[in-house]
Every structure is written in C-alpha cells, then in structure tokens.
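In: Here is a sequence with its predicted model. Questions after.
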Amino acid sequence: MSRTRVRTPAADQACAAAVDLARSAAEGIARPGEVGEHLGFDAEGDRVVTHYFACLDRAYEGWRWAITVARASRAKAVTVSETVLLPGKGALLAPTWVPWSRRLRPGDLGPGDLLPAEADDDRLAPGFTAEAEADDETDHQMLFEYGLGRARVLSAIGRDLAVNRWHSGESGPDSPLATAAPAQCSTCGFYWPLAGALRLGFGVCANEFAPDDGKVVAADHGCGAHSEAAPAPSAAGEAPQPILDDLGYDPMPEG
C-alpha cells in the first residue's frame, strides 16, 4: 500500500532572517511596549515565513504577535504579508460563542419578548390544515394530536421531551411535595386532565390555594391541598370546654 508523503517546505533564509522587519511590523499595530522577545518562526510555504513575538499586553496573556513575511520569486527584498495577534498555548480565550436562541432558559422570556420556533424544530411536526395533504405522516400525527387549523403540532420527540421534563421536575411524583401528599393528583377534584395522548399522565391543577395552581402536574403528583384531604386528628383529643365561674369575682385596681 503506497503512502503519499507531504513535503514540508524549507524555510527561506532571507525570510527567516527578516526578524527586524517583522518586529517593526508588529510594533506598527501594537501599542508601545507590547511587543516582546522573538519566539521563533514557521515556514508556511515557499518563500513564506511567519515570525512570532511575545505579547506583553496584560489583557492578552499567552497571546503572540504573528507576522508573516514573504519574498517573490527571484526577488531579494522581503516584504510583510500579514500581521495578526494569535492565541498561544495557555492563552486566555473567550468562551465558545453560543447562539442566543440556545442560551435561553425557562423563565427568561418576559412580556413582549418573542421566540419564534425554527422551521426544522424537531419538537414540532406538520399539522392538518386546509392545504395539507392527507399523507401517512399527517395521519400519524392525527392519531395523538389533532392539528386542525395549525401549521405544526407537537411531534413524538417534542411530546417525549415534555413528558420527561414534567415527570422528573417539581411537578412529578418524586418531589418532596408529592411524597408528603395524602393522595395523588389523579384522585383530586381540582385535577383537570390534559387532552390528547397526555390525558392519562398529566393534567392542570385548578386549586387556587395549591402551590401548582395553573401548572401542569403529573397524575401521580400530589400536595396537601388535595380535595379529599382530611385534617389529621389531634393526638390529645378535643380540647375541653372552658369553665366559667359566674359566682366569684376578682378585685380590680383603682384607677
């Protein structure tokens, strides 16, 4: 099996010796006193060499000035081709940029904020509109979520993500509130089941005094505001009736 060998260009002597020219170019783009010692050079190609100088700017620790010089074929003069400040080993770098849409967290949106869903959002699937064709994919979505009049409806992926999120959160069966509850939400009169495929597993709490009022809760969630919750009996029994003494009297101090 033959292997292709990559030729490493030899450093051009004239370009490699142009340290002073490269330093002058670095000082031309840097502030006074920010160009440090010469750190070496790399041969980029035929008659092309990049010189590196330490950056003394405290805001760019670990960075280095990279000055590329070149020489034309059969020419003796070396000229500056490119000047740039590049990060070196251990350089302080900014965090990887993340699009704003991926930096959002639940609760970040306020009044007037808009968050349009992307066209290829895998949490959504085509709905059933007047213009939609009755194909297999639309029929499959109609089995668990009617999308009449809507361009897109919740997909199977989006549904599963919601189920996992709701069931494992504070409105699920393992939260401290649920484990101390007298009964599950599914047996509560204030529990309003969702429609569609999620009807058996989730609903909305309609008890204004419950901590999850107006929120989606799992059917096996629970809280102390259950409609059938009964007050715990007193360990000491009922308090005795007060005894009123209507025969005696207590002297009052003179005012």
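Out: Yes, it's here.

In: how about low-confidence regions in this protein?
Out: Applying pLDDT under 70 to the chain picks out residues 1-8, 101, 106-107, 109-111, 113-117, 128-148, 231-250, 252, 255.

In: which residue is nearest the middle of it?
Out: Per Cα atoms, centre = their mean, the C-alpha nearest to the average position across the chain is that of Arg103, at 4.5 Å.

In: helix/strand/coil for Ile67?
Out: Following DSSP: H, G, I helix; E, B strand; the rest coil, the label given to Ile67 is strand.

In: For burial, what's the neighbour tally of Ala156?
Out: Other residues within reach of Ala156, judged by other Cβ atoms under 10 Å, total 15. Heads up, the C-betas are built off the backbone N, CA and C, glycines and all.

In: Kindly report the same for Leu154.
Out: With other Cβ under 10 Å as criterion, Leu154 counts 21.

In: Next one: it from Cys185, what distance?
Out: Between Leu154 and Cys185 the distance, using Cβ to Cβ, to the nearest Å, works out to 22 Å.

In: Kindly state the beta-bridge partners for Ala70.
Out: Legend: beta-bridge partners of Ala70 under DSSP bridges are Val48, Thr79.

In: That one touches Asp46, doesn't it?
Out: No - counting by Cβ atoms under 8 Å, Asp46 is not a contact partner of Ala70; they are 9.3 Å apart.

In: These two: who's more crowded?
Out: Neighbour count, other Cβ under 10 Å: between Ala70 and Asp46, Ala70 has more, with 20 against 12.

In: How about the contacts made by that one?
Out: Ala70 is in contact with Cys15, Arg47, Val48, Val49, Val78, Thr79, Ser81, counting by Cβ atoms under 8 Å, 6 or more residues apart in numbering.

In: Looking at those residues, which two lie furthest apart in space?
Out: Farthest apart among these by Cβ to Cβ are Val49 and Thr79. That separation is 11.7 Å.

In: Please identify every residue contacting each of those two.
Out: By Cβ under 8 Å, 6+ apart, the residues touching both Val49 and Thr79 are Val69, Ala70.

In: more neighbours, those two?
Out: Val49 (27 against 13).

In: Partner strands of the top strand by length along the chain and their direction?
Out: Taking DSSP state E as the criterion, the chain has its longest strand at strand 35-45. Paired with strand 35-45 in the same sheet, following DSSP bridges, are strand 48-55 (antiparallel).

In: Helices of this protein, residue ranges please.
Out: Secondary structure of the chain (DSSP state H): helices at 13-16, 19-29, 100-103, 136-144, 156-168, 176-179.

In: domain assignment for the chain?
Out: Domain ranges of the chain: 13-87, 159-218, per automatic domain parsing.
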